[in-house]
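A.B. asks: Got a predicted structure plus its sequence, pasted below:
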Protein chains: 4
Amino acid sequence: MLKTPVIVLNMKTYTESTGKNALDIAKMMDKVSIETGINMAVSVQSIDIKECSDNISIPVFAEHIDPIKPGSHTGWILPEAVKSVGAVGSLINHSEHRLNLADIDFCISRAKELDLDQIVCSNNILTSKAIATLSPNFLAVEPPELIGGDISVTTANPDIVSGSVNAVKDIDDDVKVLCGAGVKNGVDVARAIELGSVGVLLASGIIKSKNKEKIIRDLISEL
Amino acid sequence: MLKTPVIVLNMKTYTESTGKNALDIAKMMDKVSIETGINMAVSVQSIDIKECSDNISIPVFAEHIDPIKPGSHTGWILPEAVKSVGAVGSLINHSEHRLNLADIDFCISRAKELDLDQIVCSNNILTSKAIATLSPNFLAVEPPELIGGDISVTTANPDIVSGSVNAVKDIDDDVKVLCGAGVKNGVDVARAIELGSVGVLLASGIIKSKNKEKIIRDLISEL
Amino acid sequence: MLKTPVIVLNMKTYTESTGKNALDIAKMMDKVSIETGINMAVSVQSIDIKECSDNISIPVFAEHIDPIKPGSHTGWILPEAVKSVGAVGSLINHSEHRLNLADIDFCISRAKELDLDQIVCSNNILTSKAIATLSPNFLAVEPPELIGGDISVTTANPDIVSGSVNAVKDIDDDVKVLCGAGVKNGVDVARAIELGSVGVLLASGIIKSKNKEKIIRDLISEL
Amino acid sequence: MLKTPVIVLNMKTYTESTGKNALDIAKMMDKVSIETGINMAVSVQSIDIKECSDNISIPVFAEHIDPIKPGSHTGWILPEAVKSVGAVGSLINHSEHRLNLADIDFCISRAKELDLDQIVCSNNILTSKAIATLSPNFLAVEPPELIGGDISVTTANPDIVSGSVNAVKDIDDDVKVLCGAGVKNGVDVARAIELGSVGVLLASGIIKSKNKEKIIRDLISEL
C-alpha cells in the first residue's frame, strides 16, 4: 500500500504529461523520491502506465478505472488491464471523471479484489464522509472550484481538509485522507499535513511549471 | 490509411485479449497477414497499444478516443496520447461506447488533424448515412442486437450492409464501409465483400474461440 | 414530511400509469388511504404531478429531480418546478436513473432548501450507509436484480433490508428506511416492517396487475 | 405541423419561465400571435406542458424527450407522456441536453410514430447535414458559444445559418431550418429569414427581458 506522507502527481491529459513527457516527469519524481526518501507516486494516462511502471520504482496509479468486469466493453478501462501493465492502484471518481454512487462502490470492490490501491476523490466534507463508508484505502478531497487555480486548498479552504479528516475518522479510521487543488509549494504541503491529511494530490502545480524539478523539490522542502 | 479488403479484430476488454493475451493474438494476426498478404488490423485497449504497435507490423487502432483536447481531463482518452504510443487510428462511437453527435464530429475532426484513421460505428442504415456526412475514412455498421451472437450480420440482415453501402455512397463515395456482428468464418467474410463492404469488424468470433489461429485462417479462406 | 408506515407507489413510465391512467391509479390509492387511514404516496412522471396533486390528498412525489439551479438547462427537471406544481418530494438516484455522488449530495441539499422530502435510493447495504451520511429524510433500498421481478426483496434478500436499517441507524438515526423490489402483497409489506423499514416502494406489483384496487387493499391487509 | 415562418420561444428552466411564469409568457406569445397572425410556438418544461396547452392556442412543445418506450424508466421523459398532456412536438438534442446519434434517430422515429413535430438541434453545418439525413420536420442550428449571449448568430456567424440551410437542402428538402443563439430583435429575425431559415429559436432574449411583450412585438416587427 502507498506509504505516507506522500506527494501524488496526477498527470491528467496535458501535452506536457503525455507519452515521453509523462515518462520524463515520472523519472524526475522517482529520482527525487529515491534521493530524499520522501514518498511519491504518479497517476498517469492508461497508455503511459506500462512505460512508467517499467522504468520507475515509485508507485504508478491509473487516473481512472471503469465499473466493468472483463467482457464486451469496447474502449472502457478495465481494472484488470491497468494492473496487468503495472499500476498498483487507481484514482476513482476524480471531479473531472465522476461516477455514480453504485459504480464508486463497484470500482472500490473490484480494486480491492485485484489488490489495487484506491484513491477516491470527494468534493466536500459530506461526500468525504459518504465515501469513507465504502472504506477505500485513500480518499482525496478536492474542492472543484480550486482545481487548477493559484490558491491552495490549504489556504483557501483549510476547513474542508480538517473537516474531511474528522468526518472520515468518525466513519472508518483506516481510510487515509489526501487533499488537493491549487497545491504549489512546500508551505502548502506542510499545511496539508498539519490539517491532518497524509499528503497531497496535485497536477498543474508541477505539470505547468517551467522548472518542474525545482517545484518537486520545493514541495517537499518543509517535510 | 488502412488497406482494404481488411479484417479488423476488436479486442474489447475480454480476459482473453488483455495484456499479454492481446499481444499474443495480435502477433498471430500479424503472422497470418504477412504470410497470406491479406490486410488485417487490431483495435486494442489503450493500455495495450504501445506493446502491440512495438511488436507487430499490421495497423493498431485504439478502441475509443474521447472528445477532448490536451488539458485537465483526468482519466479520459486523449487522441494525441493513443497516437503517441503507436495507434494509427481509432474506433469511434462503438455501440458499447456511444458518443453524442457533436462529439462524433469533434472526434473525427481531431483524428483527421492528427492523421489518425477513423472507423466510426453505426447501428442501422440511417445512422450510417448520418455518419457519412461527417466523412470519416471508414464506417462500420453493426446491428447491436447481433453483436456477440452466433448468426452473422451478413446472413441475419444482409440488407443493413448493402443498404449502408448504398446510403454512404450517395453521401460521400470516399467513406469505406465495414460491417460486423456475429462474423465467424470465411463465408461470412466473402458475403460481406459481395454486399459491397470492404471488410469486417469482429471480436468474439476470434477472441472466444479455442483455436484462434484456425479461425483467423478460416476467416480469409474465401478471399 | 411523509408519515409512516407508508406505501409508496412509483408510477415509472408505463402506459398503464401515464396521463389519465396515472390519475386514475392515484385516486384509487387516495381513496383507500382515506378509507383505511393507512399512509400512502405516489411518485409520478413530471407531466402528471400537477393533475395528481390537484386531485388527490395523499402526497405526490416527483420520480426524479436533476442537479440544477434555475437557468439555462433545456429539458432537465428543475427541483423548483416540481414543487411549483405540487410535488412534496422526489425520488433521487433511483436505480433506473442514477446520479453521481456529488449530484446526489447536491439534489438532497436543493430539496431540503425547497422543503421537498427526499427518498434517495440505494442498491445495497454499503450504498445505504453512504447515502445515510448525506442525511436525507428517507432512503429506499432496492436490489436492482429484484426490481420488476416476482420475488419480494423481503423474501429473496431480507438481510439487505435489515442490514440497511442497521447501517443507516449507525450513521443517522433520523433517516427512515423504505425497501422495495418485487413487493406484491400484504405479507411482503408486513415483513418489510418487521425487518425495521418504515414501508415499501413498489411499482409493477400494482401497475401491471389487472385488479389494481384489490392489490392495493391486499398490500395493507397485514398492517 | 408547425406553420412557418415562426418564432419559437424555449422557456428552458429559468425562474422567470417556470410554473405560473411560464403560463404568463405563453399567454403573451399567444395573444400577440393571434393579434398579428404571426406564427409562434413555445417549448416548456415537462411540468408546464399541460397548463400551457390547456390555456393557449399556439403550439406547445416539450423541451426534450428521452429515447425510451413505455416501461420501467423512472424519472425519464416518455414521448407518449408529453403528447398525452398536449405537446404537439419536442425539441430533440438541444446543446444543453445532447443525445448520442442512435438515440437522436430513435427519438425522431418515436416522435414520428406519435405524430409529434421534431425540432432537432445542431451545433454546426456538418452536424446540421448529419441530422438532415434522419429527416426530422425541423432542424435548429445554434452555435453553443453564442447561446445566451448578446450577439445574434445572424450577425456573429451568418454563414452557419446559410450553410446549414444549403447543406440540409442537399440532403432532404423537406427538412425546415430554424436558427438560434443570441437572437434579440426584429432585425435579427428578418436576417434569419433572409439567410434561408424559416424562423428562430430563442430563450433569454425574451425570458430575461424586463418588458417581455415589447420584445415579442419587436421580434416580429420586420416580418
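C.D. replies: Thanks, I have it.

A.B. asks: Is chain C within reach of stretch A:59-72?
C.D. replies: No. Against chain C, stretch A:59-72 shows no contacts by C-beta under 8 Å from any C-beta of the partner chain, the least distance being 10.9 Å. Bear in mind the C-beta positions are built from the backbone N, C-alpha and C, glycine included.

A.B. asks: start to end distance for that stretch?
C.D. replies: End-to-end distance for stretch A:59-72, by C-alpha to C-alpha, to the nearest Å: 29 Å.

A.B. asks: Now do the closest residue in space to residue A:213 that isn't next to it in sequence: how many residues are near it, please.
C.D. replies: The shortest distance from residue A:213 to any residue other than its chain neighbours is 5.3 Å, reached at residue A:28 (C-beta to C-beta, 6 or more residues apart in numbering or on different chains). Applying other C-beta atoms under 10 Å in any protein chain shown, we find 20 residues neighbouring residue A:28.

A.B. asks: does residue A:28 sit in a helix or strand, and which one?
C.D. replies: Residue A:28 is located in helix A:20-36, with elements delineated by DSSP states H and E.

A.B. asks: coming back round to it: verify the stated contact: the residue nearest to residue A:213 with residue A:216.
C.D. replies: Yes. Using C-beta atoms under 8 Å, residue A:28 is in contact with residue A:216, at 6.3 Å.

A.B. asks: Now do residue A:71 against chain C, distance only.
C.D. replies: The gap separating residue A:71 from chain C is 17 Å, by C-beta to the nearest C-beta, to the nearest Å.

A.B. asks: And for residue A:50?
C.D. replies: Note on residue A:50: its distance to chain C, by C-beta to the nearest C-beta, is 29 Å.

A.B. asks: Can you verify that residue is assigned to a strand?
C.D. replies: No. Counting by DSSP: H, G, I helix; E, B strand; the rest coil, residue A:50 is not part of a strand but helix.

A.B. asks: Tell me the backbone dihedrals of the residue lying closest to it once chain neighbours are set aside, please.
C.D. replies: Closest residue to residue A:50 apart from its sequence neighbours, by C-beta to C-beta, 6+ apart: residue A:85 at 3.9 Å. When read as degrees, to the nearest 10, the backbone of residue A:85 gives phi -100, psi 10.

A.B. asks: Now do the contacts for the residue nearest to residue A:7 when sequence neighbours are not counted.
C.D. replies: Distances taken as C-beta to C-beta, 6+ apart put residue A:40 closest to residue A:7, at 4.9 Å, once the chain neighbours are dropped. By C-beta atoms under 8 Å, 6 or more residues apart in numbering or on different chains, residue A:40 lies in contact with A:6-9, A:29-30, A:32-33, A:58.

A.B. asks: Then residue A:112?
C.D. replies: The contact partners of residue A:112, by C-beta under 8 Å, 6+ apart, come to residue A:118.

A.B. asks: In which helix or strand does it reside?
C.D. replies: Under the criterion of DSSP H and E, residue A:112 resides in helix A:101-113.

A.B. asks: Please spell out which residues along that helix are buried.
C.D. replies: A:101-108, A:110-111 (16 or more other C-beta atoms under 10 Å in any protein chain shown).

A.B. asks: Toward the C-terminus, what is the element adjacent to that helix?
C.D. replies: Using DSSP H and E, the helix or strand that follows helix A:101-113 in sequence is strand A:117-122.

A.B. asks: what pLDDT, on average, does that following strand get?
C.D. replies: Averaging pLDDT along strand A:117-122 yields 98.

A.B. asks: is any part of it close to chain B?
C.D. replies: No. For a cut-off given as C-beta under 8 Å from any C-beta, strand A:117-122 has no contacts with chain B; the smallest distance is 8.7 Å.

A.B. asks: Helix A:101-113 and the helix or strand that that strand is followed by, what's the angle between them?
C.D. replies: Using DSSP H and E, the helix or strand that directly follows strand A:117-122 along the chain is helix A:125-132. Orientation check (axes from the mean of the first three to the mean of the last three C-alpha atoms, to 10 degrees): helix A:125-132 against helix A:101-113 gives 50 degrees.

A.B. asks: tell me what helix A:125-132 is packed against?
C.D. replies: Here helix A:125-132 touches strand A:117-122, strand A:138-141, helix A:158-171, helix C:101-113, helix C:125-132, going by 3 or more C-beta pairs under 8 Å, 6 or more residues apart in numbering or on different chains; DSSP states H and E.

A.B. asks: Name the stretch among those that sits most buried.
C.D. replies: Burial of the helices and strands packed on helix A:125-132 is given as mean neighbour count (mean count of other C-beta atoms under 10 Å in any protein chain shown); strand A:138-141 ranks first at a mean of 28.

A.B. asks: is stretch A:56-70 anywhere near chain B?
C.D. replies: Yes. Interface with chain B: stretch A:56-70 contributes A:62-64, A:68, A:70 (C-beta under 8 Å from any C-beta).

A.B. asks: Which two among these are spaced furthest apart?
C.D. replies: The most widely separated members of those, counting by C-beta to C-beta, are A:63 and A:70 (20.3 Å).

A.B. asks: These two: who's more crowded?
C.D. replies: The neighbour comparison of residue A:63 against residue A:70 (other C-beta under 10 Å) goes to residue A:63, with 29 against 16.

A.B. asks: quick one: that one from residue B:193, how far?
C.D. replies: Distance of residue A:63 to residue B:193, computed by C-beta to C-beta, to the nearest Å: 41 Å.

A.B. asks: ditto for residue A:181
C.D. replies: As judged by C-beta to C-beta, residue A:181 and residue B:193 stand 55 Å apart.

A.B. asks: Look at the two and report which has more neighbours.
C.D. replies: For residue A:181 versus residue B:193, neighbours defined as other C-beta under 10 Å are more numerous around residue A:181 (30 against 17).

A.B. asks: I'd say the more buried one and residue A:140 touch.
C.D. replies: No. Applying C-beta under 8 Å, one finds residue A:181 not in contact with residue A:140, separated by 9.5 Å.

A.B. asks: Flag every residue of chain A that's near chain C.
C.D. replies: Contact residues, chain A versus chain C (C-beta under 8 Å from any C-beta): A:93, A:95, A:98-105, A:122-124, A:126-127, A:129-134, A:171.
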